[in-house]
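Q: Show me the folded form of this:
(2 chains)
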Amino acid sequence: MTSIGQLRSQVASKERSAVEVARQYLERAERLDTEVHAFLRLTPERALAAAEAVDAKIARGEDAGLLAGVPIAVKDNLCMVGIPTTCASKILENYRPPYESTATRRLEERGALIIGKTNLDEFAMGSSTENSAFGPTRNPWDLSRVPGGSSGGSAAAVAACEAVASLGSDTGGSIRQPASFCGVVGLKPTYGLVSRYGLVAFASSLDQIGPFTRSVEDAALVLQAIAGHDPLDSTSLAVNVPDYRQALVSDLKGVKVGFIKEFFAEGLDPDVADAVFEAIEVMRDLGAQIQEVSCPRFARGLSTYYIIATSEASANLARYDGVKYGLRDREADALVPMYGRTREAGFGSEVKRRIMLGTYALSAGYYDAYYLKAQKVRTLIKQDYLDAFAKVDVLVGPTAPTTAFAFGDKVSDPLSMYLSDIYTIPLNLAGVAGASIPCGFDARGLPIGFQIMANALEEGKLLRAAYAYEQATEWHKRAPALAAEALTR
Amino acid sequence: MIDREQVKKVAFLARLELTEEEQEMFTRQLGSILDYIAELQRVETEGVPPTTRAIEVNNVVRPDELVVCENREGILENAPDRAEDFFKVPRIIED
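A: From the prediction side, this is the model:
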């Protein structure tokens, strides 16, 4: 299994050219994706052009960048100039963005090779990738199960070694939950650390872009490449980005770790609970001081989230009206019916359900009872985090209550699907940082995720805890059988 | 909690021309979701300020300078229907 560091040094020393690396991964992705369906589209022209630029720089003796020659997949809600960006929705099926997202621009400026756009739940709304208008992604560990969501394609692409890293977006767990289901590292940075410019908006006060990788070190490197202030996103934080590699220390001496009591309650799969408790013991052996922490208001996280996220989504998705881009109903002879029919035909069920809920929550007479109330409870949930981080450096717990579930298991009951995000949602409401890293396998051989959380802009603490744990364990070295051949290269 | 008439009204506000089956399904599903989130009404929030953004960043401004839009044709090419440099839409005003 090739790391970013190895690949970059191979390309820099001319052991392999970036063009060869791009071709190898494009070929692998095309072959494996007949089973996995992680990608909605490969972007060979873009990847090969980037690879040629990297090789030319190396030939001239120049530094080709932090991610030189690294094949990366990108969730299909990030805009790339001229490349269809669909959000896995029929309403954007033929949309070709006239502008480039800051995250993809920064990746390529640092030498990355963007090999394709990955599948997702439509507009990032879902926890299984079953809500894609273009068919689901399958979990590389068990093709009869979901990869999680909404960034299921990005998680599966990295798990299947179709890409070395990928980008996803996390609004209520959409990076961490699929990382858990697919047995890879998934990092949701502090809100505002990575520019959202060119990320198609779902819930603007919660959305954040972050990486999927097969190691903590690789996650640190991709974060390094995309983090930092961007004048094109007014919520982007004007902070200096530290060198995250310096945070990668192999012990936890003096680090205070809190485990969230409320995360170990009814509904948690016993295999997941066992693996997470074992992970906490590994941290103790590495020198961490472990204590129990209570966050009593997290129990209201799901309700709070489903009001705030759907309200923001109902406003953000008002732009899909058939006028400036995307699908248009051709039959309607007047404007208002054209809007209604275009949106009816273009959106899938989950998106309509959330637009309806958000529109209801914001409508006259209900605003105070729902939206304003949820914003107040959000303050309390954030306060639980701040109280906890006054006592400990990082918080830990399970990423999701279960391992990957079977296709169709939760489709007919929206609430049961929403409960899959119960441990990831509070973090987005508070805007702080979190990651999921592999910490074991259940009785069926499905990966289990360990969630590590840190206060706003404390990615260094988070990465140290994750790295030390990872170095002391072997879980991250396993790969699904269908990707085994990639491990020997 | 929420009835069929309210669902139709909300659908109109959201500009969604729902089918009969969807109206029935959403009445049922939104009802059970609203039942679940009613738990928030029991949370004491007297004197608690609302959080409108995850991380507080205020009054971000930039100089108000004209810049050239670099990809005007790229924008217009996405139009479902256009006439020269305009987006074309169905009639807005009744005859």
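Q: what comes into contact with stretch B:88-95?
A: A:323, A:332, A:333, A:334, A:335, A:338, B:79, B:81, B:82 (Cβ atoms under 8 Å, 6 or more residues apart in numbering or on different chains). All C-beta atoms are positioned from the backbone trio N, CA, C, and that covers glycine.
Q: Next one: the first one relative to chain B, how far apart?
A: For residue A:323, the distance to chain B (Cβ to the nearest Cβ, to the nearest Å) stands at 6 Å.
Q: How about the fifth one?
A: Distance check for residue A:335 against chain B: by Cβ to the nearest Cβ, it reads 5 Å.
Q: What about that residue, how many residues nearby?
A: 16 (other Cβ atoms under 10 Å in any protein chain shown).
Q: picking that back up, now, the contacts of stretch B:88-95 that are in helices?
A: A:335, A:338 (DSSP state H).
Q: filter the contacts of stretch B:88-95 to the buried ones?
A: Among the contacts of stretch B:88-95, the ones that count as buried by 16 or more other Cβ atoms under 10 Å in any protein chain shown are A:323, A:332, A:335, A:338, B:79.
Q: ok, of those residues, which one's closest to residue B:70?
A: residue B:79 (17.7 Å; Cβ to Cβ).
Q: And the closest one, how far from residue B:56?
A: 39 Å (Cβ to Cβ, to the nearest Å).
Q: Find the centremost residue of chain B, please.
A: residue B:14 (6.8 Å; Cα atoms, centre = their mean).
Q: got the contact list for residue A:280?
A: By Cβ under 8 Å, 6+ apart, the residues touching residue A:280 are A:257, A:259, A:290, A:396.
Q: Scan chain B for its longest helix.
A: Max-length helix for chain B by DSSP H is helix B:20-37.
Q: excluding its backbone neighbours, what's nearest residue A:135?
A: Closest residue in space to residue A:135, ignoring its immediate chain neighbours: residue A:37 at 6.2 Å, by Cβ to Cβ, 6 or more residues apart in numbering or on different chains.
Q: meant to ask about residue A:300
A: Nearest to residue A:300 is residue A:377, by Cβ to Cβ, 6+ apart, at 5.4 Å.
Q: if we can go back for a sec, okay but the residue nearest to the centre of chain B is in contact with residue A:357, surely?
A: No - using Cβ atoms under 8 Å as the test, residue B:14 is too far from residue A:357 to be in contact (9.9 Å).
Q: any common contacting residues for these two?
A: Joint contacts of residue B:14 and residue A:357 (Cβ under 8 Å, 6+ apart) are residue A:314.
Q: Can you list the residue ranges for helices in chain B?
A: B:4-13, B:20-37, B:72-76.
Q: To chain A, which of the ones you listed lies closest?
A: helix B:72-76 (3.1 Å; Cβ to the nearest Cβ).
Q: Contact partners for the residue of the stretch 51-200 of chain A found nearest chain B?
A: Residue of the stretch 51-200 of chain A nearest chain B, by Cβ to the nearest Cβ: residue A:98 (3.1 Å). By Cβ under 8 Å, 6+ apart, residue A:98 lies in contact with A:81, B:71, B:74, B:75, B:77, B:78.
Q: can you give me phi and psi for the residue nearest to the first one when sequence neighbours are not counted?
A: Right, the one you point to is residue A:81. Using Cβ to Cβ, 6+ apart and skipping the chain neighbours, the partner closest in space to residue A:81 is residue A:100 (4.9 Å). Backbone torsions of residue A:100, given as degrees, to the nearest 10, read phi -110, psi 140.
Q: And for residue A:142?
A: phi -160, psi 110.
Q: what's the answer for the one 10 residues further on, then?
A: The phi/psi pair for residue A:152 (degrees, to the nearest 10) reads phi -60, psi -40.
Q: Find the nearest non-adjacent residue to it, please.
A: Nearest non-adjacent residue to residue A:152 (Cβ to Cβ, 6+ apart): residue A:129, at 3.1 Å.
Q: what's the nearest residue to whichever residue of chain A sits closest to chain B if we skip its chain neighbours?
A: Residue of chain A nearest chain B, by Cβ to the nearest Cβ: residue A:431 (2.6 Å). Using Cβ to Cβ, 6+ apart and skipping the chain neighbours, the partner closest in space to residue A:431 is residue B:54 (2.6 Å).
Q: doesn't residue A:429 make contact with that neighbour?
A: Yes - using Cβ under 8 Å, residue B:54 is in contact with residue A:429, at 7.3 Å.
Q: Among those two, which residue is more densely surrounded?
A: Just comparing residue B:54 and residue A:429: by other Cβ under 10 Å the higher neighbour count belongs to residue A:429, 31 against 24.
Q: Mind checking what secondary structure that one has?
A: Here residue A:429 is helix, with the state taken from DSSP: H, G, I helix; E, B strand; the rest coil.
Q: quick one: contacts for the residue nearest to residue A:478 when sequence neighbours are not counted?
A: By the measure of Cβ to Cβ, 6+ apart, the closest residue to residue A:478 outside its immediate chain neighbours is residue A:183, 7.0 Å from it. Applying Cβ under 8 Å, 6+ apart to residue A:183 gives the contacts A:141, A:159, A:438, A:441, A:447, A:449, A:475, A:476, A:478, A:480.
Q: quick one: least confident helix or strand in chain A?
A: None of the helices or strands of chain A scores lower by mean pLDDT, DSSP states H and E than helix A:484-487, at a mean of 72.
Q: and the gap between the residue in chain B that chain A sits nearest to and residue A:450?
A: Nearest to chain A, among the residues of chain B, is residue B:54, at 2.6 Å (Cβ to the nearest Cβ). The spacing between residue B:54 and residue A:450, counted by Cβ to Cβ, is 23 Å.
Q: before we move on, what about residue A:408?
A: With Cβ to Cβ as the criterion, residue A:408 and residue A:450 are 28 Å apart.
Q: Specify which residue of those two has the higher count of neighbours.
A: Using other Cβ under 10 Å as the criterion, residue A:408 and residue A:450 rank with residue A:450 on top: 29 against 11.
Q: Then residue A:166 would be within a helix, right?
A: No - applying three-state DSSP, one finds residue A:166 to be strand, outside a helix.
Q: where does residue 36 land on pLDDT?
A: Here I'm looking at chain A. At residue A:36, the model reports a pLDDT of 98.
Q: Sorry, I should have been clearer: chain B.
A: 94.
Q: and the spatially closest residue to it that is not a sequence neighbour, how many neighbours?
A: Nearest residue to residue B:36 in three dimensions, chain neighbours excluded: residue A:415, at 6.0 Å (Cβ to Cβ, 6+ apart). For residue A:415, the count of nearby residues is 15 (other Cβ under 10 Å).
Q: As JSON lines, the helices of chain B with mean neighbour count would be great.
A: JSON lines is the format used below for these (neighbours: other Cβ atoms under 10 Å in any protein chain shown):
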{"stretch": "helix B:4-13", "mean neighbour count": "16"}
{"stretch": "helix B:20-37", "mean neighbour count": "16"}
{"stretch": "helix B:72-76", "mean neighbour count": "13"}
